[in-house]
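Visitor: after the sequence you'll find the predicted model.
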2 protein chains.
Amino acid sequence: MDIAITALPVIDFWFEFGSNYSYLSVMRIEQQAERAGVRIRLQPFLLGPVFHSFGWTTSPFVLQKAKGEYVWRDMERLCLKYGLPWKKPGNFPRSAVLPLRVAALAVDEPWMAEYCKRMMVLNFAQDRDIDNAEVVMEVLLAMHLPAANILEQAVSDKNKLKLRRQTETAIAKGIFGAPTFLVGDEMFWGNDRMDDALLFCKEHAGCIS
Amino acid sequence: MDIAITALPVIDFWFEFGSNYSYLSVMRIEQQAERAGVRIRLQPFLLGPVFHSFGWTTSPFVLQKAKGEYVWRDMERLCLKYGLPWKKPGNFPRSAVLPLRVAALAVDEPWMAEYCKRMMVLNFAQDRDIDNAEVVMEVLLAMHLPAANILEQAVSDKNKLKLRRQTETAIAKGIFGAPTFLVGDEMFWGNDRMDDALLFCKEHAGCIS
């Protein structure tokens, strides 16, 4: 007898392609969620409008110089620890509107997780600018997907609105950074809380709708 | 043949009595450092002047409402995980100038670690205001220490200057929050990095003067 995957407890994983700590979680969550017996709902959103809602013009890692310098050393150490490739982005925070529009479109597609990992690797391991049609096309084609068709849908008014609504939902839920994990209303912020969030999800299976 | 404790690798542990994440580390570091074979140098400092140097008037947990609300839930969960008592402070961030002056004075005393833990418990498990002579006296007397004499020395110009200089050193080292762990110039920020910092210290023993 099969256990339907939809019967597993669900965690919402909110992330941004421009967020370096999201990179760590995007690369790690599948394996960890499988181990915990938890189903992931990928929730891509735009971090910029969240920061703007606090009156910030850019990432706090840019606004706070001392913290910013620290963050790159922290990333270097964490990538070493997790066995992930790492190259400091020459441009940070890197805009990722188009890649995120594709993600918003593809949220229920079987290729979504792989697409997200490829985008993250381009930004944080290959220092590539990702917010342009050429790069997004390159990624989709490498995945043997109908790239032109996907790009066309991604920039439709309907899908632009979808990403905007998703970002408004993030703000409404009190999300203030990325990555953020939600198990029902229970919030866990940061890659450092990923394992706690998965464990909470597993232990509270059935308690949360 | 004895191995002198001074031969162990050294970690500098920078903390503030008003900092909730410092509470978690103050309560946990002794046991974890012993396990790692690492010697701790306690480095109390004032976080207020560090925040002021960023143009902030108070804690970022107060300035950012959404993050602030999250932090109390996060603390509740972490205290449960670590088996530490917890009561949300009715006043945050709580001023702790006098307790920190005593800490600056007592930094090499055998009772320093115990004193720090008692102060932290008052602030974060008993919701007591700690920045007054009565409470500091109460703590020192409970530890069978010459409280009046210690308090007198703590508020001497020489010792006030010691804490001020310590705080200037923190800023000069690029410390931007608490707790912060330093192994030579290698910085680890936050209770979440305590174990990584201790491991780094152990593995780089002898490499860092």
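Guide: Looks like it came in fine.
Visitor: which stretches of chain A form helices?
Guide: A:20-36, A:47-53, A:60-63, A:65-82, A:97-105, A:112-124, A:133-142, A:147-154, A:157-172, A:194-203 (DSSP state H).
Visitor: quick one: which of these is nearest B:F15?
Guide: Of all these, helix A:65-82 sits nearest to B:F15, with 16.9 Å by Cβ to Cβ. Every C-beta, even on glycine, is put in place using the N, C-alpha and C of the backbone.
Visitor: close to chain B, is that closest one?
Guide: Yes - using Cβ under 8 Å from any Cβ of the partner chain, helix A:65-82 comes into contact with chain B via A:66-67, A:69-70, A:73-74, A:77, A:81.
Visitor: and which of the residues you listed is nearest to A:R41?
Guide: Using Cβ to Cβ, the residues of helix A:65-82 next to chain B come closest to A:R41 at A:K81, 26.7 Å.
Visitor: for that closest one, report the pLDDT, please.
Guide: Per-residue confidence (pLDDT) for A:K81: 97.
Visitor: for chain A, where's the lowest mean pLDDT among helices and strands?
Guide: helix A:60-63 (a mean of 84; mean pLDDT, DSSP states H and E).
Visitor: residues making contact with that one?
Guide: A:20, A:51, A:56-57, A:67-68, A:71, A:92-93 (Cβ atoms under 8 Å, 6 or more residues apart in numbering or on different chains).
Visitor: nearest to chain B, of these?
Guide: Chain B has its nearest neighbour among those in A:K67, at 4.9 Å by Cβ to the nearest Cβ.
Visitor: what about that closest one, neighbour count?
Guide: Look at A:K67: counted by other Cβ atoms under 10 Å in any protein chain shown, it has 18 neighbours.
Visitor: same question for A:L141.
Guide: A:L141, neighbours per other Cβ under 10 Å, totals 12.
Visitor: show the contacting residues for the nearest residue to it once chain neighbours are set aside.
Guide: Excluding the flanking residues, the one nearest A:L141 by Cβ to Cβ, 6 or more residues apart in numbering or on different chains is A:A147, at 4.9 Å. Residues in contact with A:A147 (Cβ under 8 Å, 6+ apart) are A:136-137, A:140-141.
Visitor: what do you get for A:L182?
Guide: A:L182 neighbours (Cβ under 8 Å, 6+ apart): A:11-12, A:14, A:173, A:188.
Visitor: that one bridge partners, please.
Guide: Applying DSSP bridges to A:L182 gives these bridge partners: A:D12, A:M187.
Visitor: tell me the pLDDT of it.
Guide: Confidence score, pLDDT, at A:L182: 98.
Visitor: could you do A:I5 as well?
Guide: 60.
Visitor: returning to what we had before: any of the contacts of helix A:60-63 buried? List them.
Guide: A:20, A:51, A:67, A:71, A:92-93 (16 or more other Cβ atoms under 10 Å in any protein chain shown).
Visitor: could the contacts of helix A:60-63 go into TSV alongside distance to B:L163?
Guide: Converted to TSV, those look like this (distance: Cβ to Cβ, whole Å):
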residue	distance to B:L163
A:N20	35
A:F51	35
A:W56	32
A:T57	35
A:K67	23
A:G68	28
A:V71	29
A:F92	36
A:P93	37
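Visitor: contact residues of chain A facing chain B?
Guide: A:54, A:64, A:66-67, A:69-70, A:73-74, A:77, A:81, A:174-177, A:186-190, A:192-193, A:196, A:200.
Visitor: at 6 Å instead, please
Guide: Within reach of chain B by Cβ under 6 Å from any Cβ of the partner chain, chain A has these residues: A:66-67, A:70, A:174, A:176, A:187, A:189, A:192.
Visitor: distance from the least confident helix or strand of chain A to the middle of the chain?
Guide: On the basis of Cα atoms, centre = their mean, to the nearest Å, helix A:60-63 sits 19 Å off its chain's mean C-alpha point.
Visitor: name the residues that touch stretch A:195-209?
Guide: A:9, A:11, A:32-33, A:36-38, A:181, A:183-184, A:188 (Cβ atoms under 6 Å, 6 or more residues apart in numbering or on different chains).
Visitor: in TSV, list those along with neighbour count.
Guide: Shown next, in TSV, are the contacts of stretch A:195-209 (neighbours: other Cβ atoms under 10 Å in any protein chain shown):
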residue	neighbour count
A:P9	21
A:I11	25
A:Q32	16
A:A33	21
A:A36	21
A:G37	13
A:V38	21
A:F181	27
A:V183	23
A:G184	15
A:F188	24
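Visitor: re earlier: quick check, nearest of the contacts of A:L182 to chain B?
Guide: Among the contacts of A:L182, and counting by Cβ to the nearest Cβ, the member closest to chain B is A:F188, at 7.9 Å.
Visitor: give me the number of neighbouring residues for the closest residue to the closest one other than its chain neighbours.
Guide: Spatial nearest neighbour of A:F188, chain neighbours left out: A:A197 (3.7 Å); criterion: Cβ to Cβ, 6+ apart. A:A197 sits with 28 neighbouring residues when counted by other Cβ under 10 Å.
Visitor: what about A:A197, distance to chain B?
Guide: From A:A197 over to chain B the distance is 10 Å, taken as Cβ to the nearest Cβ, to the nearest Å.
Visitor: on that earlier part again, can you list the contacts of helix A:60-63 in TSV and add pLDDT?
Guide: What follows is these, written out as TSV (pLDDT from 0 to 100):
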residue	pLDDT
A:N20	98
A:F51	91
A:W56	86
A:T57	87
A:K67	90
A:G68	90
A:V71	96
A:F92	94
A:P93	93
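Visitor: just curious, which of those is nearest to B:E168?
Guide: Closest to B:E168, out of all of the contacts of helix A:60-63 and judged by Cβ to Cβ, is A:K67, at 18.7 Å.
Visitor: so the closest one sits right up against B:G174, yeah?
Guide: No - counting by Cβ atoms under 6 Å, A:K67 stays clear of B:G174, with 9.0 Å between them.
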